[in-house]
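1. how does the following fold in three dimensions:
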Amino acid sequence: PVLLLYLPYYLLTGGALQNYVAVFVFFAGFIIAAAGFVYELMKRYFKEQPFYLWAVGTGMLVGSYSMFYLLIRPDLYHVPIVASAMFATGGLWLYLAGLNRPKKAVGLYAFGSFCMALTAGCRPQFILFAALAVVLFWERVFVKRELFSKKGWRQTAALVVPYVLIAAGLMAYNALRFGSPFDFGASYSMTSNDMTHRGTNLERILYGIWYFLFEPMQLEGKFPYLQSASIATDYLGKLVTESWFGGIFACSMLTWGIFLLGRLQKNGVLSKELTWFCCVSLAAALVIGCVDANGAGILIRYGCDVSFGIFLAAVVAVLGAAKAARQKKVYGLYVAWLKVAIFFQAAVLFLILVNKDGSINLQTGNPALYETIRAALRF
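-> Prediction:
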């Protein structure tokens, strides 16, 4: 983010770029990348599904409640998160585009790897999603033997070289600034929570899994309806927490299709490749969530790390469920569920928008709009 936005802005204007501008710029790129990813995903695996599901899938990726929260509170901490989401999604988009267009594969693979590798320079945790490339190219490497061979050396180089170049640059920077090529600043960070001395504690990890994934929302009858979910633990130590509105599965019906992945694969709706794609994405999200909860705490911005991988898998599940519903002649029932799920998702995003928990919210940032919404809901 510094090299792409902050430094150029400083050199051109002599001033400091405001953080919310960076968040909005990267989020715009995230929307474009998400739209491209879902389009190429449908083009490759779900050609017969209605095109409106492209909009649904795109909305799922960019409209998960933790990602939406980045727009409500676009501060410094959220810049690297949304930048990594943009680059990771862009990398997957370009990989699929290359698989769908063999004649342009070299260039698309190179840009895809370049984007994916750049996540390490934003939020290093997101580099775990590069493992999805292994799933996408498994058949070409181990079955067809088209990559990592003399025949496919150009495409192989396009996939590998960008990672090597970005890794070399980042490791050199880390060594110069932090004294180690593998230190991304954790030991240098001036903060009340020193992650280098947190150690590993299973209790913190289990609390993180519960709150990140399953904690129910706290609702009440009066405006603004949604309250911060209480994070109550008996942990004998410091567990860093902040405003939290509920677990990902509790706040989004659109993720529930994940629990059908096994059946969809067993019935032949999803290929092994897509099933493994979902499993690796979910595993990466779970690992990142456990590491975040153990080393840093339970914060809504850390929920973005988890929700990103979950919603990647959920998009595949929703598309697969549509295909299965057509085969079982129950597509009308599927559409009814989808409408309810989308309405529920929109309602949750609205409640998060008008919530007054925390120091930064609509009531403090735009009190006139806040009061207008409250007055409108009284009738």
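2. dump the residue contacts of Met253.
-> Trp337, Val340, Ala341, Phe344, Gln345 (Cβ atoms under 8 Å, 6 or more residues apart in numbering). C-beta: built from backbone N, CA, C; applies to glycine.
3. let's see it at 6 Å
-> By Cβ atoms under 6 Å, 6 or more residues apart in numbering, Met253 lies in contact with Ala341, Phe344.
4. local confidence estimate at it?
-> Note on Met253: pLDDT of 96.
5. make 36 the first number, not 1, from now on.
-> Let's use 36 as the start, then, which means that last one is Met288.
6. and it, how far from Ile387?
-> According to Cβ to Cβ, to the nearest Å, Met288 and Ile387 sit 16 Å apart.
7. before we move on, what about Pro216?
-> Counting by Cβ to Cβ, the gap from Pro216 to Ile387 is 39 Å.
8. same question for Ile323.
-> 22 Å.
9. related to what we said a few turns ago, so for Pro216 and Ile387, which residue has more residues nearby?
-> Ile387 (24 against 15; other Cβ atoms under 10 Å).
10. quick one: distance of the helix or strand of the chain with the lowest mean pLDDT to the chain centre.
-> Sorted by mean pLDDT, DSSP states H and E, the helices and strands of the chain end with helix 397-400, the least confident at a mean of 82. Here helix 397-400 is found 26 Å from its chain centre; the criterion is Cα atoms, centre = their mean, to the nearest Å.
11. quick one: end-to-end distance for stretch 267-282.
-> Criterion Cα to Cα, to the nearest Å; first-to-last residue distance in stretch 267-282 is 14 Å.
12. and the contacts of that stretch?
-> Residues from elsewhere that reach stretch 267-282 (Cβ under 6 Å, 6+ apart): 228, 238, 242, 248-252, 263-264, 266, 332-335, 387, 392-393.
13. just the buried ones from those?
-> 242, 248, 250, 252, 263-264, 266, 332-335, 387, 392 (16 or more other Cβ atoms under 10 Å).
14. next one, pLDDT for Ser99 please.
-> Reading off the model, Ser99 has pLDDT 86.
15. need the contact list for it.
-> Per Cβ under 6 Å, 6+ apart, neighbours of Ser99: Ser342, Phe346.
16. surely Leu354 meets Phe81?
-> Yes. Here Leu354 reaches Phe81: they are 4.7 Å apart, a contact under Cβ atoms under 6 Å.
17. tell me where the stretch 86-235 of the chain has strands.
-> Counting by DSSP state E, counting those that start in this stretch, the stretch 86-235 of the chain has no strands to list.
18. that one: helices as residue ranges?
-> 87-97, 100-107, 113-135, 140-153, 166-171, 173, 188-213 (DSSP state H, counting those that start in this stretch).
19. no further queries at this time; thank you.
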